[in-house]
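Trainee: sharing a model prediction with you, sequence too.
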Amino acid sequence: MRNSIFKELLHRPLGLFVSVILLLLYTCALFAPFLAPYKTSDQNLDKSFHPPTGITWKDGRFHVKIYENIDPTAARYEVIKGKTIPIKLFAKGYDYNLLGFIPMQRHLFQLDTSESHPQIYILGSDVTGRDVFSRLLYGSQISLSIGLIGITITMLLGFLVGGLSGYFGGKFDFFAMRFVEFLMAIPGLYLLLALRSALAQHFESAQMYMMIVIILAFIGWAGTARIIRGMSLSIRNRQFVYAAESMGQSTIVILFKHILPNLTSYLLVAATLSIPGYILGEAALSFLGLGIQEPSASWGLMLKQTQEDMKVFMLNFWWLLTPGLAIFITVIAFNVLGDTLRDIVDPKMKV
Amino acid sequence: MGKFILKRFLSIIPLLLGITFLVFILMYAAPGDFLSEARASKDISKERIEEMEREFGLDKSWHIQYALWLKNVLTLNLGESWAYKVPVEDLIGQRIVATLVLSITSLFFAWLIAIPLGVLTAIHKDSIFDRLTSILAYAALSIPEFFLALLAVFFAASTGLFPIGGRTSIGHDFLAPLAQFFDYVYHLILPTIVLGIGGIAGMMRIMRANFLDYLRAEFVTTARAKGVPEGWVMFKHVLRNAINPLISAFGFAFSGLLSGALLVENVMNYPGLGQLIYSSFLKQDQYVVMAAVVIGCVMLMLGNLLADLLLGWTDPRIRLEK
């Protein structure tokens, strides 16, 4: 049945389109070190707010135009005519581990020059002259994966609590549901702030990442648990559950072998539609300065930097808003995917 | 009806106790406290620190601190802000008004646009207008509020049409009463739009789906067969029914608005509850945070109650006392 859902999805033009976009986004995140010409922390203080560099075709290869800072107070740059640097494809750059374990030096493109400072800015540079394009790629690793990991924890927790509640009923159900209502009664972001403040202010990136996932999952599972409880309550009284019980199967086996398969399509749709919540949650936390910290990059953190720069310099550099566009595209893709999946699974289900 | 309202109010109490307890524990568990900075600096003597600890009750254990806070709240004393040295009530009072005004205007803004749009897209189902609106709705649903706020500030800064933040102009106090009012309105426009846009999309989609459902209902066919004018059918039979979920979603929308307001207020520098909570969290100004979270939750629950009452009023089929 699962296979037919995906087949159906790829037969719909909109479904195919967003699937391709998401696949592309995740591939970029996976191969970020290979695609990114520079590290997230490579600064060049002479080149702050550098505009996206123009690229030309010369002598059979791509060349990048060189810019000159004509007014450092307003960060205005102009092209130096006739001066270009060739781009080398699959060239050696800084060391990294592809997929975390394959040591590599090759990057998709590097400049053919001995200067080590960032010079090619596909999407411009930020206040300290870091390459926005590279940071966007590295940021996608955090922003995109947090949704997947968060949703896995949430769905598991929501299914266990909701499923057991519906299955057992009685006291367990009563207390679990009161707790769920309690969590749902607090405005999400307030709870997020409260939970975040209880933990230390500064973490290493990896710990911080895990912490954000746990906080978001803790907030998110309540809604899922409530709906799953209702569904498992109705499945609980079906013949095959009684049959399994009379055969002496254990609760956990019944839950996973008999109740879970009846909920998979709902869980699939719910998971897809909740992923944006995690992406937005991480972005909001980082945006408020409580999530991922410099020099790591995440989309929310980059927007925080943008906001600060805008306040201080009152300048309009559109390329600093690209992380917002990236969030927007990802979220809209997941929303469309979720809606399409729901249409396929249950055409009668409403908004 | 009175019994219903009383019951609802009573059910708020354990919830509030739980919430304040949770927030208290979390803030207590947070590393450091309000005096961490004072302790780290060399200018402040040890005696002064101890004196301050006693003054703020930091030397007592956590359950006594919580009990003291509860006792004070019951006597309508929300405590004193550590950072600002003023009673919490004074600090929060103004902020509540600001946040409430912002939430309510954006809710009405959202309704004002979402309901007609939902109805029109349902009536002209599958037209180009419908397709275009649903694409726009998707876009509005997917855009993060703080990014939208950022874009709005960007827009305000580059065109100069709107103030880039705040709730009043610098010279507000010297304006005539009417001019003061318009100054508020002028500062409210952008935050209202930013906060309302997400809501519009969601409500419009609900409205459209419901309207389509009721268009196919048998009583609508009957009404048409009786010869009731088409406009009357739409307004009296379809719209009256289709609008119910929007009313019951009032509380839910309100919750979203409170969370959204926290981000939007911070980006747009609007002095509301959300901004206060955020800055107090960073300063670990415990009493302010507790009071603000409690008030946020009370507002949310009152919103839910109001939604139930409204629903009972608009839909005679719903009986509240049961």
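Mentor: The structure has been received and is ready for your questions.
Trainee: which helix or strand contains whichever residue of the stretch 201-322 of chain B sits closest to chain A?
Mentor: Per CB to the nearest CB, B:S259 is where the stretch 201-322 of chain B lies closest to chain A, at 3.8 Å. Heads up, the C-betas are built off the backbone N, CA and C, glycines and all. Following DSSP states H and E, one finds B:S259 within helix B:250-268.
Trainee: where does pLDDT dip in the stretch 101-250 of chain A?
Mentor: Flagging of the stretch 101-250 of chain A using pLDDT under 70 yields the residue ranges A:114-118, A:197-203.
Trainee: can you list the residues of the stretch 51-200 of chain B near chain A?
Mentor: Neighbours of chain A within the stretch 51-200 of chain B, by CB under 8 Å from any CB of the partner chain: B:138-139, B:141-144, B:146-147, B:150-151, B:153-154, B:157-158.
Trainee: now with 6 Å, please.
Mentor: Applying CB under 6 Å from any CB of the partner chain, one finds that the stretch 51-200 of chain B approaches chain A through B:Y138, B:S142, B:I143, B:P144, B:F146, B:F147, B:L150, B:S158.
Trainee: mind giving me the ChimeraX select for these, buried ones only?
Mentor: The ChimeraX command for the buried members of these (criterion: 16 or more other CB atoms under 10 Å in any protein chain shown) is given here:
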select /B:138,142,143,144,146,147,150
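Trainee: now the helices for the stretch 101-250 of chain B?
Mentor: In the stretch 101-250 of chain B, the helices defined using DSSP state H, counting those that start in this stretch lie at B:128-142, B:145-159, B:177-215, B:218-226, B:230-232, B:240-242, B:244-248, B:250-268.
Trainee: most packed of the ones you listed?
Mentor: Of those, the one with the most neighbours on average (mean count of other CB atoms under 10 Å in any protein chain shown) is helix B:250-268, at a mean of 24.
Trainee: how distant is the helix or strand following it from the center of its chain?
Mentor: Next in sequence after helix B:250-268, counting helices and strands by DSSP H and E, comes helix B:273-283. Relative to its chain's centre, helix B:273-283 lies at 15 Å (CA atoms, centre = their mean, to the nearest Å).
Trainee: burial measure for the closest residue to A:G289 other than its chain neighbours, as a count.
Mentor: In space, and not counting its chain neighbours, A:G289 is closest to A:K304: 6.2 Å by CB to CB, 6 or more residues apart in numbering or on different chains. By other CB atoms under 10 Å in any protein chain shown, the residues close to A:K304 number 23.
Trainee: surely A:K304 and A:L290 touch.
Mentor: No. Assessed by CB atoms under 6 Å, A:K304 is found out of contact with A:L290, at 10.0 Å.
Trainee: check the gap between the residue nearest to A:G289 and A:L137 for me.
Mentor: A:K304 sits 18 Å away from A:L137, taking CB to CB, to the nearest Å as the criterion.
Trainee: how about B:S127?
Mentor: Distance of B:S127 to A:L137, computed by CB to CB: 41 Å.
Trainee: try B:T20
Mentor: B:T20 is 44 Å from A:L137, where distance means CB to CB.
Trainee: ok so, going back, dump the residues of the stretch 51-200 of chain B next to chain A to a markdown table, plus pLDDT.
Mentor: Converted to a markdown table, those look like this (pLDDT from 0 to 100):
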| residue | pLDDT |
| --- | --- |
| B:Y138 | 82 |
| B:S142 | 83 |
| B:I143 | 84 |
| B:P144 | 82 |
| B:F146 | 82 |
| B:F147 | 85 |
| B:L150 | 82 |
| B:S158 | 74 |
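Trainee: in what helix or strand does A:V79 lie?
Mentor: For A:V79, the host element (DSSP H and E) is strand A:76-98.
Trainee: neighbour count: B:T20 and A:L137, which is higher?
Mentor: Using other CB under 10 Å, the more surrounded residue of B:T20 and A:L137 is A:L137, with 23 against 19.
Trainee: quick check: that one touching A:A32?
Mentor: Yes. Taking contacts as CB under 6 Å, A:L137 lies within contact range of A:A32: 4.1 Å.
Trainee: for the stretch 1-150 of chain B, what are the low-confidence residue spans?
Mentor: Using pLDDT under 70, the flagged stretches of the stretch 1-150 of chain B are B:1, B:30-44, B:55-59, B:78, B:82.
Trainee: now B:I13: how far from chain A?
Mentor: 12 Å (CB to the nearest CB, to the nearest Å).
Trainee: pLDDT weak spots in the stretch 151-300 of chain B?
Mentor: Applying pLDDT under 70 to the stretch 151-300 of chain B flags the ranges B:165-166, B:169-172, B:251-252.
Trainee: what about 80?
Mentor: The model of the stretch 151-300 of chain B has pLDDT under 80 over residues B:154-184, B:198, B:244-261, B:281-287, B:289-290, B:292-300.
Trainee: give me the number of residues near A:I70?
Mentor: Counted with other CB under 10 Å, residues neighbouring A:I70 total 10.
Trainee: surely it and A:I80 touch.
Mentor: No. Under the criterion of CB under 6 Å, A:I70 makes no contact with A:I80, lying 10.2 Å away.
Trainee: center of the chain - which residue?
Mentor: Defaulting to chain A. Most central in chain A under CA atoms, centre = their mean is A:L144, positioned 2.1 Å from the mean C-alpha point.
Trainee: wait, chain B was what I had in mind.
Mentor: Geometric centre of chain B, nearest residue: B:L258, 2.7 Å, by CA atoms, centre = their mean.
Trainee: residues contacting it?
Mentor: By CB atoms under 6 Å, 6 or more residues apart in numbering or on different chains, the contact set of B:L258 is A:P187, B:G296.
Trainee: do that again at 7 Å, thanks
Mentor: Each residue near B:L258 by CB atoms under 7 Å, 6 or more residues apart in numbering or on different chains is listed here: A:P187, B:S103, B:G296, B:M299, B:L300.
Trainee: quick one, which of those residues are buried?
Mentor: A:P187, B:S103, B:G296, B:M299, B:L300.
Trainee: secondary structure element holding the third one?
Mentor: Right, B:G296. Taking DSSP H and E as the criterion, B:G296 maps to helix B:286-314.
Trainee: residues of the stretch 151-300 of chain A that sit close to chain B?
Mentor: Proximity of the stretch 151-300 of chain A to chain B is confined to A:182, A:185-190, A:193-195, A:197-198, A:200, A:276, A:280, A:283-284, A:287-288 under the rule CB under 7 Å from any CB of the partner chain.
Trainee: name the nearest residue to A:Y67, ignoring sequence neighbours.
Mentor: Of all residues not flanking A:Y67 in the chain, A:Y77 sits nearest, at 4.2 Å (CB to CB, 6+ apart).
Trainee: any chance of CSV for the buried ones among the contacts of B:L258, columns distance to A:K65?
Mentor: Formatted as CSV, the buried ones among the contacts of B:L258 follow (distance: CB to CB, whole Å):
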residue, distance to A:K65
A:P187, 49
B:S103, 49
B:G296, 52
B:M299, 55
B:L300, 55
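Trainee: nearest to B:W232, out of these: which one, please.
Mentor: Set against B:W232, the nearest of the buried ones among the contacts of B:L258 by CB to CB is B:S103 (34.3 Å).
Trainee: mind listing what A:Q119 touches?
Mentor: When contacts are counted by CB under 7 Å, 6+ apart, A:Q119 is found next to A:I85, A:L111.
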